[in-house]
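A.B. asks: Curious how this folds, go ahead:
(4 chains)
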Protein chains: 2
Amino acid sequence: MGLIKTEKFSESQNQIALFAKAFGHPARVAIIQHLFKINACVCGDLVEEIGLAQPTISQHLKELKNLGLIQGTIEGTSVCYCINKDNWTAMKTLLNGFFNNNLDSNTCC
Amino acid sequence: MGLIKTEKFSESQNQIALFAKAFGHPARVAIIQHLFKINACVCGDLVEEIGLAQPTISQHLKELKNLGLIQGTIEGTSVCYCINKDNWTAMKTLLNGFFNNNLDSNTCC
DNA sequence: ACTATTAATCGTAATATTGCGATATACAAA
DNA sequence: TTTGTATATCGCAATATTACGATTAATAGT
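C.D. replies: Here you go, the predicted structure:
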């Protein structure tokens, strides 16, 4: 056990969970917020900004990259990371569909 | 280690991460979707609907309840769970603020 | 009181995540 | 070519999560 039974759920449910999990750690929230704030950035900035060790930040960046939410291009010795607009928009659409259910008709016992 | 260093992050960042983590498992996504769909429900429904064991569902419900996203009232031998409207709205506001950053000005290298 | 039903809790095994020191890689500058 | 700088990867320890069988608790119906 300790293994998620993805086969019990729809593709959409698994996708929502994967994206949500990406934001389920404050370091990754902070990374995304920083990328939005300065519009493009390198990993070194983030290590200072966030205050975790460099390998730890690198690992969090990798997770966000694997999901396609950010992308990195090599610039000499450093890497320039930024939000992947298309995938970010797609993620937002998926999660908004989940969040914006109508609560008005929701009557509780 | 294996312990999140919450002290390195703002309260808002930690809150966003906590809510996101709640949706980071497809079973919890499915539970919320089912609650929206039928507008009020009992745990038994969910065990059938989702196909995980009863203790597992109960555990997932507990996590959502601890975060305040759902609430349960006892109805005889069963429990009636439903979305907590106020907290759901607050969560939505917080996460929307995070998602709806302006991407137009985001120029990549 | 006894039995059935529903949901919570306990205990535990399997797996995943987090964090970082040490090291590797890749490029730039001297 | 050597040295410095930036980032990725490896390996591991600590902790968290997932899942469920067994049990418990609480109520309903007989």
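
A.B. asks: And for residue A:92, the neighbour number?
C.D. replies: Using other Cβ atoms under 10 Å in any protein chain shown as the criterion, residue A:92 is surrounded by 16 other residues. All C-beta spots, glycine's among them, are computed from the backbone N, C-alpha and C.

A.B. asks: Which residue lies nearest the spatial centre of chain A?
C.D. replies: Note on chain A: the residue nearest the mean C-alpha position is residue A:22, at 4.2 Å, using Cα atoms, centre = their mean.

A.B. asks: any idea how far that one is from residue B:29?
C.D. replies: With distances defined as Cβ to Cβ, to the nearest Å, the gap from residue A:22 to residue B:29 amounts to 14 Å.

A.B. asks: same question, residue A:66
C.D. replies: Shown here: residue A:66 relative to residue B:29, a distance of 20 Å by Cβ to Cβ.

A.B. asks: The two: which is more packed in?
C.D. replies: Neighbour comparison, residue A:66 and residue B:29: the larger count goes to residue B:29, with 22 against 11 (by other Cβ under 10 Å).

A.B. asks: Alpha carbons of whatever helix or strand that one lives in, as PDB, please.
C.D. replies: The secondary structure element spanning residue B:29 is helix B:26-38 (assigned by DSSP states H and E). Written as PDB, here are the backbone C-alpha positions of helix B:26-38 (Å, rounded to 0.1, in the frame of the first residue of the first chain):
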ATOM      1  CA  PRO B  26      -8.200  11.700  -6.700                       C
ATOM      2  CA  ALA B  27     -10.400  10.100  -4.000                       C
ATOM      3  CA  ARG B  28     -10.800  13.500  -2.300                       C
ATOM      4  CA  VAL B  29     -11.500  15.100  -5.700                       C
ATOM      5  CA  ALA B  30     -14.100  12.400  -6.300                       C
ATOM      6  CA  ILE B  31     -15.700  12.900  -2.900                       C
ATOM      7  CA  ILE B  32     -16.100  16.600  -3.400                       C
ATOM      8  CA  GLN B  33     -17.500  16.100  -6.900                       C
ATOM      9  CA  HIS B  34     -20.000  13.600  -5.600                       C
ATOM     10  CA  LEU B  35     -21.100  16.000  -2.800                       C
ATOM     11  CA  PHE B  36     -21.600  18.700  -5.400                       C
ATOM     12  CA  LYS B  37     -23.500  16.300  -7.700                       C
ATOM     13  CA  ILE B  38     -26.000  15.000  -5.200                       C
END
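
A.B. asks: Can you tell me what sits against it?
C.D. replies: When contacts are defined by Cβ atoms under 8 Å, 6 or more residues apart in numbering or on different chains, helix B:26-38 is touched by residues A:4, A:6, A:8-9, A:13-14, A:16-17, A:20, A:98, A:101-102, A:106, B:22-23, B:41, B:45-46, B:49-50, B:52, B:56-57, B:60-61, B:63-64, B:69-70, B:81-83.
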